[in-house]
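Peer 1: What follows is a predicted protein model with its sequence.
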Amino acid sequence: MAKRLEGKTILITGASSGIGRSTAMEFARTSPKSLKLILTARRHDALKAIAEDIKKEVGEGVKVLPVKLDVSKSNEVKEFVENLPSDFKDIDVLVNNAGLVKGKDRAPDIKEDDLDIMFSTNVIGLINMTQAILPIFKKRADGGKGDIINIGSIAGRDPYPEGSVYCATKAAVSSFTDAMRRELIDTRIRVMEVAPGQVETEFSIVRFYGDKAKADAVYKGCEPLTPDDIAEAAATVMHKKT
Ligand code: NDP
């Protein structure tokens, strides 16, 4: 895995916890001398703490840029890209990981605000980021090479009750990823989806409104994935450096 990451600049959205945080830590561990990580999320303090954790674990070899960014706000996304420091501008990989579930996600009960936040984060946020980063790939000296890894979910293909809007957002992520892959087929930009099943993060409990007993009952008999499993999958599908 390390070879795929060497020398890369990787932007991870939703890096303040769960899969995003673990992906950042795992990437840093496996490529401790030559990686640049741009970590974004709304909780800036959490990102700064992760940057410190990376420094403690692997030293100064991995350069980390923590940036407060709400992916659902297209103006913030544009401003973020315009203001990237020059040594972090040459992004190789975008990991579109930011995502959430909100409120009582049952079709008859869903509230407008919750519907809005799920679509504007999981779908529109992912599209905002993709549109902002594509021009960076196209300008690259190596002929427009770049990887986009979208964190979808098995929920997009196998929807479950009381997850109606969340599952619909992840189906949208899958469709968008597949269509874009075909649109960019003649370029050196690769578009991929990693669609996990259950991963042990805060999200697994939030999904059940904090009801851990319910979460445990639904997942009985399943062995959840770890965030590190997802990091490994993301690293495996990337372009090799050489
Ligand atoms: P977490 O809740 O731990 O992480 C979600 C991340 O998304 C946080 O860092 C959060 O940061 C960020 N985020 C949420 N809204 C926004 C926003 N508007 N702008 C920027 N960042 C945002 O959950 P997971 O790690 O489990 O989830 C990560 C991804 O994996 C999601 O897309 C989720 O749908 C997907 N997934 C999760 C599975 C699971 O079982 N856990 C299974 C399949 C897919 P902050 O609050 O600081 O903004």
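Peer 2: Happy to help now that I have it. Residues are numbered from 1 along each chain as shown.

Peer 1: What lies in contact with the one helix or strand R21 maps to?
Peer 2: In this assignment (DSSP states H and E), R21 forms part of helix 18-30. For helix 18-30, contacts defined as Cβ atoms under 8 Å, 6 or more residues apart in numbering pick out 1-2, 5, 10, 12-15, 35, 37, 39, 41, 46, 50, 53-54, 57-58, 62, 64, 95, 97-98, 151, 196, 199, 201-203, 226-228, 230-232, 234-235. Backbone N, C-alpha and C define where each C-beta goes, glycine included.

Peer 1: where does this structure have low pLDDT?
Peer 2: 1-2, 205-210, 218, 241-242 (pLDDT under 70).

Peer 1: ok, for L47, nearest residue in space, not its chain neighbours?
Peer 2: Excluding the flanking residues, the one nearest L47 by Cβ to Cβ, 6 or more residues apart in numbering is P66, at 3.5 Å.

Peer 1: Pull the contacting residues for that neighbour.
Peer 2: With Cβ under 8 Å, 6+ apart, P66 has these contacts: 15, 39-40, 44, 47-48, 50-51.

Peer 1: hmm, try it at 7 Å
Peer 2: Contact partners of P66, counting by Cβ atoms under 7 Å, 6 or more residues apart in numbering, are 39, 44, 47-48, 51.

Peer 1: and the protein, which residues reach the ligand?
Peer 2: 13-20, 41-43, 46, 69-72, 97-100, 121, 125, 151, 153, 196, 198-199, 201-204 (Cβ under 6 Å from any ligand atom).

Peer 1: quick revisit: save the contacts of P66 as TSV, and put in neighbour count too.
Peer 2: Shown next, in TSV, are these (neighbours: other Cβ atoms under 10 Å):
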residue	neighbour count
L39	27
H44	15
L47	27
K48	15
A51	20
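
Peer 1: can you tell me which of these lies nearest to K138?
Peer 2: Distance ranking of these against K138, using Cβ to Cβ, places L39 first at 23.7 Å.

Peer 1: A strand includes the closest one, no?
Peer 2: Yes. Counting by DSSP: H, G, I helix; E, B strand; the rest coil, one finds L39 located in a strand.

Peer 1: Look up how far I12 lies from it.
Peer 2: Distance from L39 to I12, counting by Cβ to Cβ, to the nearest Å: 6 Å.

Peer 1: Quick one, which of the residues of the chain next to the ligand are buried?
Peer 2: 13-20, 41-42, 46, 69-72, 97-100, 121, 125, 151, 153, 196, 198-199, 201, 203-204 (16 or more other Cβ atoms under 10 Å).

Peer 1: OK, contacts around the residue positioned nearest the centre of the chain?
Peer 2: Closest to where the C-alpha atoms of the chain average out (Cα atoms, centre = their mean) is N97, at 1.5 Å. N97 is in contact with 12-14, 19-20, 23, 151, counting by Cβ under 7 Å, 6+ apart.
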